[in-house]
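> I'll drop the sequence and a predicted model, then ask my questions.
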Amino acid sequence: MFGNSTSQPGSLSRRSFVGLGALGAATLAAALTGCGSTGGDKAAAGAGGSGTPSYYPSDYSKLIDASKAEGGALTIYSNTDQENWAPILRDFKAKYPWTKVSADNLDSDEVFQRQLSESATGKAPADMLVSNAVQAWSSYASKPDTLMAYDSPETKQLPEFAQLMPNVWAMSLDPVGIAYNSALMKDAPTSIADLAKAVSANPGSFKDKITTRDVKGAWGFSVSQAFAQGNPDAWTGLDAILPSARPETSSGTQKEKILSGEYEAGFFISSAVGYPAEKASGGLLKFVLPKDGTVVLGRGIGITPKAPHPATAKLFLDFVLSEAGQNAVAEGGLSSYRDNVELTEGRHTYQEVEKLAGKDGIIRVPYKVVPEADVTAFVSKWNAKLGK
């Protein structure tokens, strides 16, 4: 279904970070406290070239010159909306005016399927891949020769968990929440348990009025399984909700159907869609982080092994991880994680998620491949609850 490889570590309780192993919640919290540059991006320009931080390599200007020689073109395959990309691409071009970035918005699994199929033909135009479909990313990156090796100078300025896998970094750390139509649901569901109580109290009115993600897709599987593993009481609520729910393959589709009233609410909605939709809807759509466990996904970014424009791809990766890049990430509706991001209205950060959901309520998803047998068992159980 998603491929097979190494097995996933045993799950931890919700009051820790699923699959983080020795890092642990306490270490992660400490890392977050000290993460980010201390004004590094605003430091005096280093020897690497005009405008580069002092901690960049002394010969970084050669990478800039190489990007100019490439023509500055860049193709990105991603499952990220144009609304999320807009500030990032705007600020990257402002810093490197000769660049021209094309960021395709594909389905979560299609990002990797397309790259693999095109690589097999010897004609792969993508320079970079961006996706928060953890299972698909992990399966793809576990194969040989699927990523270019690169050591970003920003890595040491970031918390340890920023590098999700070798040569894969977190562009953002995005929470997954509940979205609901405030005109149809007067009582805000602040948790999966709340939503389950509402459905149980009036199952007839909620029949086919709740949406969740299709667990046959890599993204839907990752978030659903993470919640089920990270919350010991998860199935109590899910057992009540799933018989009334209908699966969809994208958060964008879920958003539109919640706004139209086809659905009253949806759970496991990406904040990359939920946050901007709440702002644009004038209050009709509300987006909340479940108090009984908020799943957080790293949105992975990496460079393809035979990127047609490798220098520009490296510049882009460094920019996205930088202080300026993380501010643009937050402006676009994704959740940045550097501790010096400007918290103006409409911007969201991982630190904010900690405050809203509580550090003990965060369920982070490790970039590990789940064995195919475990995937099949979970999908079968989930779909049986849906009545599929």
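Yep, that arrived. Residues are numbered from 1 along each chain as shown.

> what about the residue nearest to Glu331 when sequence neighbours are not counted, how many residues nearby?
Closest residue in space to Glu331, ignoring its immediate chain neighbours: Pro87 at 4.0 Å, by Cβ to Cβ, 6 or more residues apart in numbering. Heads up, the C-betas are built off the backbone N, CA and C, glycines and all. Pro87 has 19 neighbours, counted by other Cβ atoms under 10 Å.

> so for the host helix or strand of Phe287, mean pLDDT?
With the criterion set as DSSP states H and E, the secondary-structure element containing Phe287 is strand 285-288. The pLDDT scores in strand 285-288 average 96.

> shaky segments in this protein?
1-50 (pLDDT under 70).

> just checking, next helix/strand downstream of the longest strand anywhere in it?
When the chain is scanned for its longest strand (criterion: DSSP state E), the result is strand 168-181. Moving toward the C-terminus from strand 168-181, the next helix or strand (DSSP H and E) is helix 192-201.

> now do that following helix: distance to the chain's middle.
Centroid displacement of helix 192-201 relative to its chain, using Cα atoms, centre = their mean, to the nearest Å, is 27 Å.

> tell me the helix or strand right after that helix.
Counting by DSSP H and E, the element after helix 192-201 in chain order, helix or strand, is helix 203-206.

> buried ones in that next one?
Taking 16 or more other Cβ atoms under 10 Å as the neighbour-count basis, helix 203-206 is seen to contain the buried residues Phe206.

> direction included, what does the helix or strand just after it pair against?
Downstream of helix 203-206, the next assigned helix or strand under DSSP H and E is strand 210-213. Taking DSSP bridges as the criterion, strand 210-213 forms sheet pairs with strand 245-248 (parallel), strand 265-270 (parallel).

> quick one: residues in contact with the shortest one.
It refers to strand 245-248. By Cβ atoms under 8 Å, 6 or more residues apart in numbering, the list of residues contacting strand 245-248 from outside reads 208, 210-215, 220, 254, 257, 263, 266, 386, 388.

> ok, now with 7 Å
With Cβ atoms under 7 Å, 6 or more residues apart in numbering as the contact definition, strand 245-248 has outside contacts at 208, 210-214, 254, 386.

> returning to what we had before: which elements pack onto the longest strand of the chain?
Under the contact definition 3 or more Cβ pairs under 7 Å, 6 or more residues apart in numbering; DSSP states H and E, strand 168-181 sits against helix 251-260, strand 265-270, helix 271-280, strand 285-288, strand 294-303, helix 310-321, strand 335-336.

> distance from the longest one to the middle of the chain?
Between the centre of helix 310-321 and the centre of its host chain there is 18 Å, according to Cα atoms, centre = their mean.

> would you mind getting the angle between it and strand 294-303?
In terms of direction (axes from the mean of the first three to the mean of the last three Cα atoms, to 10 degrees), helix 310-321 departs from strand 294-303 by 160 degrees.

> the longest strand of the chain to helix 192-201, inter-axis angle?
On the basis of the same axes, to 10 degrees, strand 168-181 is oriented at 30 degrees to helix 192-201.

> list the beta-bridge partners for the spatially closest residue to Ala170 that is not a sequence neighbour.
Here the nearest residue to Ala170 in space, its sequence neighbours aside, is Gly298; by Cβ to Cβ, 6+ apart that works out to 3.8 Å. The partner list for Gly298 in beta bridges (DSSP bridges) reads Leu173.

> tell me how far Gly298 lies from Lys186.
Here the distance between Gly298 and Lys186 works out to 35 Å (Cβ to Cβ, to the nearest Å).

> look at the two and report which has more neighbours.
Gly298 (26 against 6).

> who's in contact with that one?
Each residue near Gly298 by Cβ under 7 Å, 6+ apart is listed here: 132, 164, 170, 173, 367.

> in space, what's closest to the second one - neighbours in sequence excluded?
When you say that, I think you mean Leu164. The shortest distance from Leu164 to any residue that is not its chain neighbour, by Cβ to Cβ, 6+ apart, is 4.4 Å, and that residue is Tyr367.

> look up how far Pro305 lies from that neighbour.
Taken as Cβ to Cβ, the spacing of Tyr367 relative to Pro305 amounts to 18 Å.

> who has more neighbours, the two?
Relative neighbour count places Tyr367 above the other of Tyr367 and Pro305, with 23 against 16, counting by other Cβ under 10 Å.

> ok so the more buried one is a helix residue?
No. Judged by DSSP: H, G, I helix; E, B strand; the rest coil, Tyr367 forms no part of a helix; its state is coil.

> right, and it touches Met165 too?
Yes. The pair Tyr367 and Met165 qualifies as a contact (Cβ atoms under 7 Å) at a distance of 4.7 Å.

> number of residues surrounding Leu356?
Each residue near Leu356 was counted by other Cβ under 10 Å, and the total is 16.

> what's near enough to touch the nearest residue to it once chain neighbours are set aside?
With Cβ to Cβ, 6+ apart as the criterion, Leu356 has its nearest non-adjacent residue at 5.1 Å, and that residue is Leu289. Counting by Cβ under 7 Å, 6+ apart, Leu289 touches 175, 177, 353, 356-357.

> what are the phi and psi values for Leu289?
Geometry field for Leu289 lists phi and psi as phi -100, psi 120, criterion degrees, to the nearest 10.

> also the one 3 residues further on?
Summarising the backbone geometry of Asp292 under the convention degrees, to the nearest 10, its torsions are phi -100, psi 20.

> Ala226 versus the closest residue in space to it that isn't next to it in sequence, what's the distance?
In space, and not counting its chain neighbours, Asp292 is closest to Ser191: 4.2 Å by Cβ to Cβ, 6+ apart. Counting by Cβ to Cβ, the separation of Ser191 from Ala226 is 16 Å.

> over to Tyr96?
Distance, Tyr96 to Ala226, by Cβ to Cβ: 36 Å.

> more neighbours: which of the two?
For Tyr96 versus Ala226, the count of surrounding residues by other Cβ under 10 Å is larger for Ala226: 25 against 19.

> element containing the more buried one, please.
According to DSSP H and E, Ala226 maps onto helix 218-230.
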